[in-house]
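In: Fold the following for me, if possible:
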Amino acid sequence: MPKFPLCAPIIALAVAACSAPAATEAAPADTAKLDASGDHPATPLADAPFTVQEIADFNEPWAMTFIPGTRAALITEKSGKLKLWQENGPTQDVAGVPTVAYGGQGGFGDVIVAPDFAATGTIYLSWVEAGTGSTAGAVVGKAKLVQGAAPRIEGLQIIWKQDPKVTGRGHYSHRLIFSPDGKYLFIGSGERQKFDPAQDMKANLGKIVRLNPDGSIPADNPFADASKPDGGGVTAQIWSLGHRNILGLAFDATGKFWNQEMGPKGGDEVNLVAAKANYGYPIVSNGDHYDGKDIPDHVTRPEFAAPKLWWNPAISPAGLAFYGGDLYPGWKNSLLMGALSGEGLIRMNIDGETLHKSDRWDFGQRIREVEVRDDGTVWLLTDGEDGKLVKLVPKK
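Out: As a prediction, this is how the structure comes out:
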């Protein structure tokens, strides 16, 4: 894997050692042509308004979350480890994690802290578990994180499962986020490369689901049915449908809910998520099937919710974070998104319910995860067996 074409970690802190062009400004008012197309030219990383500081090494890192009130983070490795990274201490293995079904796109997935973490120490994890025969599916669990010299999780309880489990080892998605008020847990559930389940209301594949923190179904979910003994079962979990492979969820400062997802051959997209909305996959997409078969574009079926932005050629989005800070000039009120095949970082400016393609920086490495710490700094995970935790240091 190529190294970053930048300063070394220590030199990154010495800003004078790197050129420092003017800071990126917010998106121009008129970006309509670019925003309506699949295009998004990349800028060399040397021209970015930040330098990249390599912090730590990980084996196939997949997701991370900062622990409130600390300078530490939990980081999942796809093969099955949960790491406790400490800015001023050693990186430790966290004991008590579940056994994962590792292979293909499957393994350990997301990790987030509960809204009441300060009081309870509760964290939420997603991973892939094996089913009968050669089937598998994503699951979500909650547990208590015990920190200290020998960190561990206790009382792990599975609260949600993909239904049904199916064959294949792709498109689990299993991304997690809490609503801004802390009342609801949202889960991105991929369609498992099976296409049609994304439109099947008896399956939770290809959906965004909404649960209470304990895994129960909120009575006001859009497809809940109080007349049924189980409230509507799997159908009642569904918040939105017609999704493919959801690898990023974020709420902005005004409470708008965004997701990104990998399209088929092209057609990667970012959506504004709404209750009961159908985003059309596999009936429509701005990409096509990998076997060359055409998929009608979104514009042909206006009854489906169209993406706010899309990319073709594909960028393979991974991770999504809202940025509301001031450390990076021009970034306030933006979405930040990693790109795997696109090997970079993408910034989108939020303008009400509209998004603008503001910046795309070419890292020359697959970016798996994007997170923002409470001090306003942006951190990334690069993908692969020699994955890195990196910090973006604003140029002065």
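In: Can you give me the domain boundaries for this structure?
Out: For the chain, automatic domain parsing gives the domain ranges 30-56+285-396, 60-243.
In: Quick check: which of those domains is nearest to Gly267?
Out: domain 30-56+285-396 (2.6 Å; C-beta to C-beta). Yep, even glycine has a C-beta here, placed from its N, CA and C like the rest.
In: related to what we said a few turns ago, relative to Lys256, which of the domains of the chain is closest?
Out: Here domain 30-56+285-396 is closest among the domains of the chain (C-beta to C-beta), at 7.0 Å.
In: So the most centrally placed residue in the chain, which state does it fall into?
Out: Relative to the mean C-alpha position of the chain, the nearest C-alpha, by C-alpha atoms, centre = their mean, is the one of Gly248, at 2.3 Å. Using DSSP: H, G, I helix; E, B strand; the rest coil, the structure places Gly248 in strand.
In: so it makes contact with Met337?
Out: Yes. With contact defined as C-beta atoms under 8 Å, Gly248 and Met337 form a contacting pair (6.2 Å).
In: Find residues that contact each of these two.
Out: 260, 317-321, 370 (C-beta atoms under 8 Å, 6 or more residues apart in numbering).
In: which ones are touching the residue nearest to Gly80 when sequence neighbours are not counted?
Out: Among residues not flanking Gly80 along the chain, Val100 sits closest, at 4.5 Å (C-beta to C-beta, 6 or more residues apart in numbering). Contact analysis of Val100 by C-beta under 8 Å, 6+ apart lists 79-80, 106-108, 127-129.
In: Repeat the analysis, applying 10 Å as the threshold.
Out: 76-81, 106-109, 125-130, 136, 139 (C-beta atoms under 10 Å, 6 or more residues apart in numbering).
In: With Thr167 instead?
Out: 131, 133-136, 192-194.
In: Swap in 6 Å and give it another go.
Out: 134-135 (C-beta atoms under 6 Å, 6 or more residues apart in numbering).
In: what number of residues lie near the residue nearest to Arg244 when sequence neighbours are not counted?
Out: Excluding the flanking residues, the one nearest Arg244 by C-beta to C-beta, 6+ apart is Tyr281, at 4.7 Å. Using other C-beta atoms under 10 Å, Tyr281 is surrounded by 27 other residues.
In: now swap in Val166 and tell me
Out: Using other C-beta under 10 Å: Val166 sits among 19 other residues.
In: Against Val372, how distant is it?
Out: 35 Å (C-beta to C-beta, to the nearest Å).
In: in the sheet, who's paired with Phe58?
Out: Gly387 (DSSP bridges).
In: How many neighbouring residues does it have?
Out: Around Phe58 there are 24 residues (other C-beta under 10 Å).
In: Show the model's pLDDT score for it.
Out: Among the per-residue scores, Phe58 shows a pLDDT of 98.
In: Equivalent analysis for Glu25, please.
Out: Looking at Glu25, its pLDDT reads 44.
In: got it, and Met262?
Out: pLDDT at Met262 comes out at 98.
In: is it true that it touches Asn245?
Out: Yes. Assessed by C-beta atoms under 6 Å, Met262 is found in contact with Asn245 at 4.2 Å.
In: helix or strand for Thr235, which one?
Out: Per DSSP states H and E: Thr235 is located in helix 234-237.
In: Just grab the bridge partners of Val111 for me.
Out: Leu125.
In: Check the burial of it by counting its neighbours.
Out: Counted with other C-beta under 10 Å, Val111 comes out at 24.
In: Can you give me the distance of it to Ala73?
Out: From Val111 to Ala73 the distance is 9 Å (C-beta to C-beta).
In: Report the secondary structure state of Ala46.
Out: Under three-state DSSP, Ala46 comes out as helix.
In: Measure how buried it is and give me the count.
Out: Ala46 - counted by other C-beta under 10 Å - has 14 other residues nearby.
In: ok, now Leu381?
Out: Leu381: 28 neighbours (other C-beta under 10 Å).
In: Touching, the residue nearest to Arg244 and Asn245? I think so.
Out: No. The criterion here is C-beta under 6 Å, and Tyr281 misses it with Asn245 at 9.4 Å.
In: Could you find the closest non-adjacent residue to Pro115?
Out: Gly182 is the one closest to Pro115 (C-beta to C-beta, 6+ apart), at 3.1 Å.
In: Run a quick neighbour tally on the one you found.
Out: Neighbour tally, Gly182, other C-beta under 10 Å: 11.
In: Asp291 now?
Out: 7.
In: Same check on Gly148?
Out: 8.
In: Need the per-residue pLDDT for it.
Out: 94.
In: quick one, phi psi at it?
Out: phi 140, psi -160 (degrees, to the nearest 10).
In: Thanks again, I'm all set now.
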